[in-house]
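Visitor: after the sequence you'll find the predicted model.
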Amino acid sequence: MGHRDVVGVFVKAPLAGRVKTRLAADLGARRAAELYRALGREVVSSCVDPAYATTVWFSPAGKEPTVRSWLRAVGRLAFQAQPDGPLGTRLATAFDWHFREGAPRVAIIGSDCPGVDRRLVSQAFDTLDTRDVVIGPAHDGGYYLIGLRAPAPGLFHGVAWSTPAVLGQTLALVHRLGLSAALLPTLRDVDTVSDARAARLLPEDISGSAGGTAGHPAAMGGLAHRDDRDVEHHPIRNPDQSSRPAAVRLDPEVGLVHREG
């Protein structure tokens with residue numbers, strides 16, 4: 001895959017009780033897994049493009065046959081098992097792998113943020129022509145995409161993963177490492193029933209209990225519409241981990257990086 005840009009997609013095998021645990025509390029484990037199965041496949045399919053290589057980073061490591069079957073026929077994909085460890089370790093490993101393989105630019109995305117598509121990925125790669133880092137903020141305080149044009153393992157250490165502080169702390173690290181950064185439009189990932197309704201993955205009248213009825217297939221496969229604003233190019237100045245970095249607009253509410261489940 002050397003000398004091609006690469007997008008890596010972090011996924012989990014869509015197994016009941018192993019994915020979308022916060023959704024499962026309201027929908028039940030099977031319904032939550034069905035929703036993630038539809039959403040994750042749609043995100044991967046929407047991001048595949050011949051202009052760059054696509055690698056699916058999956059977990060658990062022993063579920064490659066399950067993941068390959070799930071994503072069959074969505075496009076040309078490579079598969080790599082995510083290593084053990086916290087999210088920061090897994091992200092740093094994925095970036096290191098692709099840069100060592102010769103990729104000039106690498107973007108990593110999550111699989112639970114409807115609205116992420118090949119146009120947004122291409123926009124991220126274009127941004128890396130003039131910035132060291134590109135980040136797609138999520139409404140819950142994390143990010144659904146992070147892209148680099150050179151290794152920067154320091155961006156993934158000392159971050160309070162799965163908290164609303166992730167984006168602010170990452171931007172502080174960008175400043176500390178002397179890197180330039182730009183933000184993509186803010187999107188919503190899907191962790192709760194309200195997120196799924198906002199993304200049009202569930203009808204408004206779905207029951208809020210685990211025994212409720214799941215949405216019909218058309219609703220399950222729907223995608224939220226992305227804000228088409230231009231990339232925000234902001235200098236990062238005087239950041240502090242206890243406050244929002246100056247000149248970067250952050251949403252106070254927080255998916256590649258999100259609260260687990």
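Guide: That came through, no problem. None of these values were measured; they are calculated from a predicted model. Numbering: from 1, shown residues only.

Visitor: could you give the bridge partners of Val9?
Guide: Note on Val9: beta-bridge partners Val56, Ile109, judged by DSSP bridges.

Visitor: which residues does it contact?
Guide: Under the criterion of Cβ atoms under 8 Å, 6 or more residues apart in numbering, the contact list for Val9 reads Val43, Val44, Cys47, Thr54, Thr55, Val56, Trp57, Ile108, Ile109, Gly110, Ser111. All C-beta spots, glycine's among them, are computed from the backbone N, C-alpha and C.

Visitor: distance of it relative to Val116?
Guide: For Val9, the distance to Val116 (Cβ to Cβ, to the nearest Å) stands at 9 Å.

Visitor: joint contacts of these two?
Guide: By the contact definition Cβ under 8 Å, 6+ apart, Val9 and Val116 are jointly contacted by Val43, Cys47, Ile109, Gly110.

Visitor: I'd say Ile158 and Leu173 touch.
Guide: You called it Ile, but residue 158 is Gly. Yes: with contacts counted by Cβ atoms under 8 Å, Gly158 reaches Leu173, the gap being 7.1 Å.

Visitor: neighbour count winner among these two?
Guide: The residue with more neighbours, out of Gly158 and Leu173 and counting by other Cβ atoms under 10 Å, is Leu173; that gives 22 against 13.

Visitor: pLDDT below threshold where in the protein?
Guide: Screening the chain residue by residue with the criterion pLDDT under 70, one finds the ranges 1-2, 205-261.

Visitor: now the helices for it?
Guide: Counting by DSSP state H, the chain has these helices, from start to end: 21-27, 29-47, 64-70, 87-100, 118-127, 166-176, 193-198, 217-220.

Visitor: including distance to His3, could those helices go into TSV?
Guide: Compiled in TSV, the helices of the chain are given as follows (distance: least, Cβ to Cβ, whole Å):
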stretch	distance to His3
helix 21-27	40
helix 29-47	20
helix 64-70	26
helix 87-100	11
helix 118-127	14
helix 166-176	26
helix 193-198	38
helix 217-220	38
